[in-house]
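1. next input, structure requested:
(2 chains)
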Amino acid sequence: MPDPLPVETDRVMVASAGVLSAPDPEVNAELAADGTVPLKKKRKKLGFGFWFSVIWIFLVVFGAAFAPWLPIDNPNVADPCAGVASTMVNTGATPDQAKLIFVGQATSAQQAQSLIDQGMTVPADVNGCKNPTLDSRVNAYPSATHILGTDTSGRDTFSRVIWGARVAITVGIGAIAVGMLLGGIMGLLAGFYRGKPETLLMTVADIMLAYPALILAIAFVAFAGQSLLNVGIAITIVSIPAFARIARASTLTYAEREFVMAARVMGAKNSRIIMREIFPNVILPVTAFALVAVAIAIVAEGALAFLGLSVPLPTSSWGTMIHDGYNVITDRPLVALTPAIIMFITVLAFNLLGDKFRTIFDVKDTAL
Amino acid sequence: MSPAASVRPIGLQRIGREPVPGAALLEVDDLHTAFRLRNGLVRAVDGVSFKLQRGQTLGVVGESGSGKTVLSRSVMGILTASNVETQGEVRYEGHDLEKLGVKDRRALWGTEMAMVFQDPMTSLNPVMRIGRQITESLRYHLGMSKQEAKEAAIAGLASVGIPAPERRYSEYPHQLSGGMRQRVTIAIALACGPKLMFADEPTTALDVTVQAQILDLLAHQQRERDMGMILVTHDLGVVAGRADHVAVMYAGQIVEMAATADLFADVRMPYTQALLRSIPKLDEASHTRLNVIGGRPPDLINPPKGCRFAPRCPYAQDKCLKEAPPLTESGTPGHLYRCWFPVGSPTVKTTPAPISTNGQPKPGAAKPPAAPTASDSAPTSPIPPPAAPRPAPAPASTPEDN
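-> Numbering: from 1, shown residues only, chains lettered A, B, ... in the order given. Below you'll find the model as predicted:
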């Protein structure tokens, strides 16, 4: 299609006659001196999924970052009334009866009641518990006292979920960021310089990819010891080859593009070409994958924790919480389901975000 | 964009050299470039020599795979892959580029010689703003400050005919049309004031109307800056009006080279003649079959023993298949061609055999002008004898003849 003007522009002529009848005033205001209007920019809607993901991830990250300063219960200490409240559940006793049973004065509700009738004073404060209610029991359902209920030890689930997010986010984002950095650099250099180093690097990456990632991580943590750092290192190690592959594949396509040759003939050095020309292009698909990788890492940390191989107890982690709740899943399914749902939504959010990012980037690429 | 604004020595001065007095801007001497592949050595450029003076344009014409792009890239010295083998000498302002080494050569890229690529869709970085792509080399080579570079870049965009350059400066390549992008690539190439410009099929990816604009722009800039230019194209029409000299390439060799007017006035090489014939003419009736050159370019790993064009040449004789013709000079000084029986010489039959439109003619099959069968001949008006060559296409109208 020939351009309509001798001097080309990305603009459309505004027809003077009725062809484009009455251009609206807004458009008119944008009329440039040469009588053209800019083509309307198409804005893609980001959609509900995107904003939901952004808000959810923000909340999770916020909770993880500020957990020590948030007005929430101690995640590692049971509700002081948990024991008394559980006694109430097990024996059908009233709060006062239960207190007596709990301190060992009685063995049943009837015995406790008769002791009370005989004039025994009920202690006002049992291990810090003053007014026990059923909301404080172990495996409690959500209530005003514990908005997400309690776990098998009577600890506040909401608080544990937030502290668990600390582990999930630290491992998910931290380990993946390091993996992205190391794997990305490896892939970038391998794809740009090619030759023997590339063959070596990619062979190692292939061998690592052939290993079952989780087994590798389990083996590493089992040997190196359970700590947040070691879990992070384990997940970083298994993520590096994937990042190296993606960065290399992307580098290969961009290194062949003419703009790289164009930069070279303008006198750019290799380092400059890598940093200025190739890196900004490669970072897009790598970031899109990284968002998905964060989700995978969170699941991996959960799996390690479920197997008891993540952070040492009593530090809370979503996987540990699911493991705890697993024992009572038939009677009190929420104990395991709550952290599972939180993990599910977080993983979904990262996936949606990664997907959106990839879509936006893809469109840009085809419009080239 | 004035490189004079810089305080830093650039180009040849940066590497402590001066142009050798009396030397041509560019001298290429028996250049060979080959690619080592698993199944042999591909001789993409096979013994090319030419000279280019400042302010002159050399048009390099040839079909796909004739080695014209490889020629321009190996002259510039940017073929760095490990499987590339080059021989011969390339002298820029009297200095052998091969002897300069990679680092010194890089100091010349952009400042002394620059290149405009074929496809503006891929020759701009999609994730970098237009402005930054221009200012990079200004700041790197000329040591300009951010503000100076920005002003120079905007001036450069304006000088290549981009409207609203201040706005375009901060836009991304995908926001520009193809023609505009090619203007941007030209602005980038011109940014540091090179003296030698390689234009590698600069209009192939563009609309016909835009082609003429871009070629005019290149010609204008060339005149203004007194640059030497190597214009690589597959379109004889493009070089007709814009090149001072034309080199026709076939299978890695220059098969005919002359001043543009001499070449079109007196075509000696049958290949050039065939290229000229294959340009569609407006005055021909509709549905006229186009004159194509039958067959394919030869395999560059095992090129034919004799003349490389012989298997496709309508005039080929036995000698052509056995001995490779040297590059000889015709009556006109400077008119070189590579043919045993040049067009118009008495030993050649006056009418070429009809060029087969399907498949490769067998070597020798086209020798005697056997009466063509009715089904074989294209329904064209009789082909004029080669002794009376076609007039040179009018410069102004040729780019549209694509």
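
2. could you dump stretch B:94-112 to CSV, C-alpha only?
-> Output for stretch B:94-112, consisting of C-alpha atoms alone and laid out as CSV, is shown next (Å, rounded to 0.1, in the frame of the first residue of the first chain):
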residue,chain,number,x,y,z
GLY,B,94,44.8,3.7,1.7
HIS,B,95,44.8,1.6,4.9
ASP,B,96,44.4,-2.2,4.7
LEU,B,97,41.5,-2.9,7.0
GLU,B,98,42.6,-6.5,7.6
LYS,B,99,45.8,-5.3,9.1
LEU,B,100,44.0,-2.9,11.5
GLY,B,101,42.7,-5.5,13.8
VAL,B,102,39.2,-5.8,15.3
LYS,B,103,39.5,-3.0,17.8
ASP,B,104,40.8,-0.4,15.3
ARG,B,105,38.3,-1.5,12.7
ARG,B,106,35.5,-1.0,15.2
ALA,B,107,36.6,2.6,15.7
LEU,B,108,35.9,3.1,12.0
TRP,B,109,32.5,1.6,12.0
GLY,B,110,29.9,4.2,12.3
THR,B,111,32.3,7.1,12.1
GLU,B,112,34.0,6.3,8.7
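
3. the most centrally placed residue in chain B: what secondary structure?
-> In chain B, the residue lying closest to the centroid (CA atoms, centre = their mean) is B:Val232, at 1.6 Å. Secondary structure state of B:Val232, per DSSP: H, G, I helix; E, B strand; the rest coil, is strand.

4. ok, it - contacts?
-> B:60, B:68-69, B:71-72, B:198-201 (CB atoms under 8 Å, 6 or more residues apart in numbering or on different chains). (Each C-beta comes from the backbone N, C-alpha and C, glycine too.)

5. low-confidence ranges, the stretch 251-368 of chain A, go.
-> Applying pLDDT under 70 to the stretch 251-368 of chain A flags residues A:362-368.

6. three-state assignment of A:Val328?
-> coil.

7. quick one: contacts for it?
-> Contacts for A:Val328 (CB under 8 Å, 6+ apart) come out as A:139, A:152, A:335-336.

8. neighbour-wise, which one of those residues leads?
-> Counting neighbours by other CB atoms under 10 Å in any protein chain shown, A:Val335 leads these with 27 neighbours.

9. check which helix or strand that residue maps to.
-> helix A:334-366 (DSSP states H and E).

10. now do that helix: which elements does it pack against?
-> Secondary-structure packing of helix A:334-366 (3 or more CB pairs under 8 Å, 6 or more residues apart in numbering or on different chains; DSSP states H and E): helix A:47-66, helix A:157-169, helix A:279-306, helix A:318-326.

11. close to chain A: what parts of the stretch 1-150 of chain B are there?
-> The stretch 1-150 of chain B has residues B:76, B:78, B:82, B:106-111, B:113-115, B:117-119, B:121-128, B:136-137, B:140-141 near chain A, with proximity defined as CB under 8 Å from any CB of the partner chain.

12. just checking, which of the residues you listed belong to helices?
-> Using DSSP state H, B:76, B:106-108, B:136-137, B:140-141 are the members of these that sit in helices.

13. hang on, the earlier thing: save the contacts of A:Val328 as CSV, and put in distance to B:Arg54 too.
-> Below are the contacts of A:Val328 laid out as CSV (distance: CB to CB, whole Å):
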residue, distance to B:Arg54
A:Asn139, 89
A:Thr152, 87
A:Val335, 84
A:Ala336, 81
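
14. rewinding a little: what angle do the helix holding A:Val335 and helix A:157-169 make?
-> Calculated by axes from the mean of the first three to the mean of the last three CA atoms, to 10 degrees, helix A:334-366 forms an angle of 40 degrees with helix A:157-169.

15. what about the closest residue to chain A within the stretch 201-350 of chain B, neighbour count?
-> Here the residue of the stretch 201-350 of chain B nearest chain A is B:Thr209; by CB to the nearest CB that distance is 4.0 Å. Per other CB under 10 Å, the neighbour tally for B:Thr209 reads 17.

16. for the stretch of helix or strand it belongs to, buried residues please.
-> If you go by DSSP H and E, B:Thr209 is part of helix B:208-225. By 16 or more other CB atoms under 10 Å in any protein chain shown, the buried positions in helix B:208-225 come out as B:209-215, B:217-219, B:221-222, B:225.

17. same check, this time on stretch B:97-111
-> Across stretch B:97-111, burial judged by 16+ other CB under 10 Å covers B:97, B:100, B:104-111.

18. contacts for it next, please.
-> Stretch B:97-111 is contacted by residues A:264-267, A:269, B:3, B:10-12, B:14-15, B:76-78, B:80, B:86, B:89-92, B:137, B:141, B:191-194 when judged by CB under 8 Å, 6+ apart.

19. nice, that's everything, thank you.
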